[in-house]
Each structure stands twice: as C-alpha cells, then as structure tokens.
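Visitor: The sequence and its predicted three-dimensional model are supplied below.
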Protein chains: 2
Amino acid sequence: MTTTLNDIRQAAERIKSYAHRTPILTNQSLNEKVDAQVFLKCENLQKVGAFKFRGACNAVYSLTDEEAARGVCTHSSGNHAQALALAAKMRGIPAYIVMPNNAPSVKKNAVAGYGGQITFCEPTLEARESTLERIRLETGATVVHPYNDERVIAGQGTAALELLEDVPDLDVIIAPVGGGGLLSGTVIAATELKKGIRVIAGEPEMADDAFRSMQAGKIIPSVNPKTIADGLLTSLGSLTFPIVQQRVEQIVTVSEAGIIETMKYVWERAKIIIEPSSAVAIGVLWEKKIDLRGLKVGVIISGGNVDLEKLPWQS
Amino acid sequence: MTTTLNDIRQAAERIKSYAHRTPILTNQSLNEKVDAQVFLKCENLQKVGAFKFRGACNAVYSLTDEEAARGVCTHSSGNHAQALALAAKMRGIPAYIVMPNNAPSVKKNAVAGYGGQITFCEPTLEARESTLERIRLETGATVVHPYNDERVIAGQGTAALELLEDVPDLDVIIAPVGGGGLLSGTVIAATELKKGIRVIAGEPEMADDAFRSMQAGKIIPSVNPKTIADGLLTSLGSLTFPIVQQRVEQIVTVSEAGIIETMKYVWERAKIIIEPSSAVAIGVLWEKKIDLRGLKVGVIISGGNVDLEKLPWQS
C-alpha cells in the first residue's frame, strides 16, 4: 500500500482550515537568468515557514480523538519539530519533541514558542531514537516521523496539488530531496494529476545519498554530510525510496557555491527569504546541468528558516 | 483638480498586464505580537521590489505615442528610478535617470539592469534638478516626478484598491509616508471605496516632517534627516500635502529601534524581505502608541530593496 492521489486530496481537505494556501510567485529576472518560466510555490510562506506544516498537520488531524489525547512525538531538530508542535497546539494536544542538545537556539526557541515540550539528548541517532522510544512508552503519544510516514507524505503532496490547480500547464516540477517526504508527495500528486509531467529532484552535491541510491537501486545512507542545506541531511526512508525510485525522473546535484548564489539571488530579486534547501531546488535551474530551456517549471520552495545573524554570503 | 477613485480604477486597468497583483499575507505570530489582525499587502513582491512600479507604469502608459517616443526622465536614487526604467523598457521607450554620484552600487546596477540611461551628478538637490532640466530640454522626455504627479498618485492607489477588493472589511489601512505619493493614492482609494475606514501613516521619528507639516498646517521641509528608512527622506509635495491633510487620520512616528526590530521580526517570522520604510508602517502597530487592538488592519508593505551585505542588526 502506498500513498495515493486520493490520500493527498483528503489531506488537502483535512488541513485547509489550518494551513495557508501559499502564493505562487513569478520573477522576470529569474526567468531570464535560468531561461525558463519559473513558478515558485512559496512554502516558505507556509505556517512555521516550511512545507513541513502540511504533513505534520495532516498526521495530527488524522488521529482519532483517543489517540490524539495522548499527544504526538518525534525527534527532529528542524522544521518538522516546529510543524508538529504547532499542529498539536492547534488541536489542543501535547507534542513531545526530542532535540539534540547542540540544536541552534533559534530552532529550540521556535519549537518552545509553538508549545512543544522539548527533551534534549546527545546529538547521535542512537540517543535520539532511544529517547523518543522512552517518551513514547511513558506517554502513549503517537510517533510522527518527519518523512517515513504515509500521513506525512500525503500532507506534503498537497503543495504540488495546489500548484497544479493554479498552474495546470507545467512541464516540470522540481523539489528538493532529503528524506524524500516532500518529493514523494510531490511526485504522486503531479504524475497522478498530469500524465507526462516530469518531476526532478535537487540534492546538494555534498549530500548526494539520494542520487547515489537511485544509481545503486537501494538506499545508500547519508554519512555525516557537510552542506549548508541543513534540511537535506537525512537519507531516504523505506516508504519514500520506492516512490522516488519508480516515479522521479532524475536527481540533479547542486554545488555549495550554486546553492549560495541561488539563495542570494532569490532574496535580492524575489524578496522572499528562502533557506538553503529551497535554493537547492532552484539551483537545478541555476546550474543548468540539465536542459530545461523554455519550459514551464514549478519549484517547491521548501522553507524559509534561516538564522539571520549568520548569512552564508557574509564573512 | 485632484486624483479621484476613477483615476485609480483607470490606472488599475492600464497597468494590469504589466504589474503583479501582489499577494496579501497574514501571520499569526505578528497578529499576536501586535494584538490586531494584520493583512500585509506585499508590494515588496511587486516588480522592481516596490509599489513604485505602479505609479511609474501608470505614468508611462498614460503618455500619447508621440510623447512616449521622446522618453521619460526623473531624478531619483531609489525605487522610483528602477520602476520608471522598467516601465519605459516595457513600452520600448528611453528612460533618463539622474542619480547622485554617491548612490549605492546596488541601486545603480538595478537601474542600469532595467535599461535606464543614468546621468550622475553631485548629490545636491540643485545639481539633480539642473541636470534633469538639461536632459529634459535636450531630449524632450516627459518628467515623471516620484510622487508629486497625479498619474503617479493614481498608480500608487491601485495597491489599496486591490487590498480592499480582497479584504473588504478592513477597519484601518496603514501606509508609510515620505513624499506622500503612496499615502495619497491609498487614502483616496480607501476612503472613496469604504466610508469610515481609517487611514493612518507611519513616519520615522527621525524624519518626521510630514507629522510636523500636519501640525503646522503647511509643508515643513525635511532637512537632512538621518533615518535607516531611506525611502522616506523626502518632504510632502504640493499635490500630496493637501490630500494627506484633508483625508489622513493621523501620522504616527516610529523610533529607529522600532523600525529595526519590526523589520527583523517580519523577516524572521513572515519570511519576506521588507525594507526599513515598510517596517515603519508595521512599526505603527509594533510600538502601540495608538490603540488599534482587535482591529482588522491592512498594511501596505512598500518595498523590499535592501543591501543584503549590510543588515541593520549586524555589527
């Protein structure tokens, strides 16, 4: 059983009173620069500043009242943690968030600001998983994985659903790939809605495990990747890998310099704050490793959570 | 004769194929912070990153073919220069832009990038005006003043027109005031469309000439103001002052610290790049000198042109 277009439509119905229908922006300078007609689906303008709210919200509102009463939990240092905390707050249930003790303060404050109950642990996967398991046993909360969860995948797919409702004649959709939740939801929505549409993923060259997994035909785990695109450090999961493998046309890697250049260009010209992970998706167009000239290209701008005190173009 | 709602409606019709209909964003964190329901009309997402494109575009497309063929000219170091250059480029006519030789390189590059023909002069009002007059005589180009021009005022009013079309039940609209073009267009559109709506202006405390002009009942020129809100340095004009005086409820001044705090908060939470002048408008809510609690407040976000290498919260 895998996520279907119908699941995505149901998710859209479920979250529509809670999530923003984000705007789609166009920018003439960007179009000229990359030689394509680009439509930016602005999930940076989504609640909590990231697409992650869609999946978390769908998961939280999928629970029965009885399940919901015991709360939700996850381990995440990123946007998923904020998203789950906010969705839980909206439903009036607890969210238990396990975070590594070296998480940036801006992220800790954001999770706490949305009412998430944070438990810190050592910054290792083992510590995170064992801490989460302990909390799950103690509270009975439902674990909501950041991407390897069908409710989450269906929720993330609602961004592409809206994008194609608003711009039905797209030739291509590009999304970034980390764990593959957004990419999986996107490719299901896109290919089910529109025969022949191409779905391409952008991935940092320095964290190219999804690219290598596609080559190898099996999940190649990401080992200690070093990229500015800190939303894309994770590896594909058991649910997302088969979807990506079967449906995504290709994964294109983007250099660190390309990520930073693209990010700065979009801030300067489009006047929106995008995080490096979003620049990876536009970076596929920017670096022109593949030929998308003249096409109508939708890009899922994944988020806008950036530490404004430390910008990558400043020394 | 003054600008009417009908002029603004005609302007909207004239510019609609060229200008973006900008999105209106809401942000729950901001609402809670300022204790009001805020609707941000995002002219930072307008072409050239500022509302100025509306007025310039209306002026350029108001010209007869014969007038247009000789081009347009202005003196400006700011967003109006870029706006006029782009509007002229769209119509296929020359734009002659007089800029002070100390204008930031980002602004020079932007004007040149839109095809504007720049003439540099000494950074004094006398030099700017005499250089513009020389160019006007040499070329026969039409001068388009940044704000003291009815075509420009009508164009700027189209932002409020769209805002009220999309959110008809606003109680208040806030716009920043510099020369008063945006404020004049906004207050005409708003008060003609909706009886009893309140229109309030935000102005930097450190450049409070419009505030003082309202008190004095005559234009008090701005003398060498020092504020980070570099879009609001100019004084009201002979066309804008009477409109502001008769129709604007009040002008509220905002401190420099308030401008910077508001700007950073909006970048962080709303994920849009706003320039200090826009933060002045939201700053009216932020500093709470007047009581707008519980109201539905539209704010015209004037623009997003900021030098990303020099952010005010960085040392």
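Guide: Happy to help now that I have it.
Visitor: residues in contact with the residue lying closest to residue A:78 once chain neighbours are set aside?
Guide: Nearest residue to residue A:78 in three dimensions, chain neighbours excluded: residue A:231, at 5.9 Å (C-beta to C-beta, 6 or more residues apart in numbering or on different chains). Quick note: C-beta positions are derived from backbone N, CA and C, even for glycine. Counting by C-beta atoms under 8 Å, 6 or more residues apart in numbering or on different chains, residue A:231 touches A:50, A:78-79, A:176, A:178, A:275-277, A:302-303.
Visitor: taking those one by one, which sit in strands?
Guide: Counting by DSSP state E, the contacts of residue A:231 place residue A:176 in strands.
Visitor: Out of the contacts of residue A:231, name the ones that lie in helices.
Guide: Judged by DSSP state H, the subset of the contacts of residue A:231 located in helices is A:79, A:276-277.
Visitor: Buried subset of those residues as a PyMOL selection?
Guide: Selecting only the buried entries of these in PyMOL, with 16 or more other C-beta atoms under 10 Å in any protein chain shown as the criterion:
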select buried, chain A and resi 79+276+277
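Visitor: Which of the ones in helices among the contacts of residue A:231 sits closest to chain B?
Guide: Top of the list for closeness to chain B, among the ones in helices among the contacts of residue A:231 and by C-beta to the nearest C-beta, is residue A:79 at 11.8 Å.
Visitor: What separation do you get for the closest one and residue A:231?
Guide: Counting by C-beta to C-beta, to the nearest Å, the gap from residue A:79 to residue A:231 is 7 Å.
Visitor: what touches both of the two?
Guide: Joint contacts of residue A:79 and residue A:231 (C-beta under 8 Å, 6+ apart) are A:50, A:303.
Visitor: how about the helices in chain A?
Guide: A:5-15, A:28-34, A:52-62, A:65-69, A:79-91, A:105-113, A:125-139, A:150-166, A:181-193, A:209-216, A:240-247, A:256-270, A:276-287.
Visitor: Now tabulate these in a markdown table and tack on mean pLDDT and distance to chain B.
Guide: Below are the helices of chain A laid out as a markdown table (pLDDT from 0 to 100; distance: least, C-beta to the nearest C-beta, whole Å):
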| stretch | mean pLDDT | distance to chain B |
| --- | --- | --- |
| helix A:5-15 | 98 | 15 |
| helix A:28-34 | 96 | 7 |
| helix A:52-62 | 98 | 11 |
| helix A:65-69 | 98 | 21 |
| helix A:79-91 | 96 | 9 |
| helix A:105-113 | 87 | 8 |
| helix A:125-139 | 95 | 26 |
| helix A:150-166 | 98 | 12 |
| helix A:181-193 | 98 | 17 |
| helix A:209-216 | 97 | 26 |
| helix A:240-247 | 97 | 26 |
| helix A:256-270 | 97 | 6 |
| helix A:276-287 | 98 | 10 |
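Visitor: which one of the ones in helices among the contacts of residue A:231 sits closest to residue A:29?
Guide: residue A:276 (20.3 Å; C-beta to C-beta).
Visitor: May I have the residues that are in contact with the closest one?
Guide: Residues in contact with residue A:276 (C-beta under 8 Å, 6+ apart) are A:227-231, A:259-260, A:263, A:306, A:312.
Visitor: Over to residue A:110?
Guide: Applying C-beta under 8 Å, 6+ apart to residue A:110 gives the contacts A:48, A:82, A:305.
Visitor: So what's the residue count around the residue nearest to the second one when sequence neighbours are not counted?
Guide: Just to be clear, that refers to residue A:82. Once flanking residues are discounted, residue A:82 sits nearest to residue A:48: 4.3 Å by C-beta to C-beta, 6+ apart. When neighbours are defined as other C-beta atoms under 10 Å in any protein chain shown, residue A:48 has 30 of them.
Visitor: Surely residue A:48 is in contact with residue A:83?
Guide: Yes. Residue A:48 lies in contact with residue A:83 (C-beta atoms under 8 Å); the separation is 4.9 Å.
Visitor: What is the burial count for the residue in the stretch 1-150 of chain A that chain B sits nearest to?
Guide: Evaluated by C-beta to the nearest C-beta, the stretch 1-150 of chain A has residue A:23 as its residue closest to chain B, separated by 3.9 Å. Residues near residue A:23, counting by other C-beta under 10 Å, number 17.
Visitor: Dump the ones in helices among the contacts of residue A:231 into JSON lines; add distance to residue B:107 as well.
Guide: JSON lines is the format used below for these (distance: C-beta to C-beta, whole Å):
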{"residue": "A:79", "distance to residue B:107": "34"}
{"residue": "A:276", "distance to residue B:107": "27"}
{"residue": "A:277", "distance to residue B:107": "31"}
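Visitor: any idea which of the ones in helices among the contacts of residue A:231 is closest to residue A:283?
Guide: residue A:276 (9.3 Å).
Visitor: What score does residue A:76 have for pLDDT?
Guide: Residue A:76 is assigned a predicted lDDT (pLDDT) of 87.
Visitor: Nearest residue to residue A:8 in space, ignoring adjacent ones along the chain?
Guide: Per C-beta to C-beta, 6+ apart, closest to residue A:8 is residue A:157, 3.9 Å.
Visitor: Could you pull up the residues touching the one you found?
Guide: When contacts are counted by C-beta under 8 Å, 6+ apart, residue A:157 touches A:3, A:7-8, A:11, A:184-186, A:188-189.
Visitor: at 6 Å instead, please
Guide: By C-beta atoms under 6 Å, 6 or more residues apart in numbering or on different chains, the contact set of residue A:157 is A:8, A:185, A:188-189.
Visitor: Which of the residues you listed has the largest number of neighbours?
Guide: If you rank these by neighbour count (other C-beta under 10 Å), residue A:185 sits at the top with 34 neighbours.
Visitor: Go ahead and confirm that residue touches residue A:156.
Guide: Yes. Residue A:185 is within contact range of residue A:156, at 3.6 Å (criterion: C-beta atoms under 6 Å).
Visitor: So for the residue nearest to residue A:82, what's the pLDDT?
Guide: 94.
Visitor: Neighbours of the residue lying closest to residue A:47 once chain neighbours are set aside, how many?
Guide: Spatially, and ignoring its direct neighbours in sequence, residue A:47 is nearest to residue A:53 (4.5 Å; C-beta to C-beta, 6+ apart). As a burial measure, residue A:53 scores 28 neighbours (other C-beta under 10 Å).
Visitor: what's the answer for the one 3 residues further on, then?
Guide: Summarising burial for residue A:56: neighbours were counted as other C-beta under 10 Å, giving 36.
Visitor: What count of nearby residues applies to the spatially closest residue to it that is not a sequence neighbour?
Guide: Excluding the flanking residues, the one nearest residue A:56 by C-beta to C-beta, 6+ apart is residue A:83, at 3.8 Å. Using other C-beta under 10 Å, residue A:83 is surrounded by 36 other residues.
Visitor: what does residue A:120 give?
Guide: 15.
Visitor: Tell me the pLDDT of it.
Guide: Residue A:120 is assigned 95 on the pLDDT scale.
Visitor: Test my guess that it contacts residue A:101.
Guide: Yes. Counting by C-beta under 6 Å, residue A:120 touches residue A:101, with 4.3 Å between them.
Visitor: I'd say residue A:38 and residue A:297 touch.
Guide: Yes. The criterion here is C-beta under 6 Å, and residue A:38 meets it with residue A:297 at 5.3 Å.
Visitor: returning to that earlier point: and the residue nearest to residue A:56, how far is that from residue B:215?
Guide: For residue A:83 relative to residue B:215 (C-beta to C-beta), the value is 49 Å.
Visitor: same check, this time on residue A:180
Guide: According to C-beta to C-beta, residue A:180 stands 62 Å off from residue B:215.
Visitor: Out of those two, name the residue with the larger neighbour count.
Guide: Higher neighbour count among residue A:180 and residue B:215: residue A:180, with 31 against 11, using other C-beta under 10 Å.
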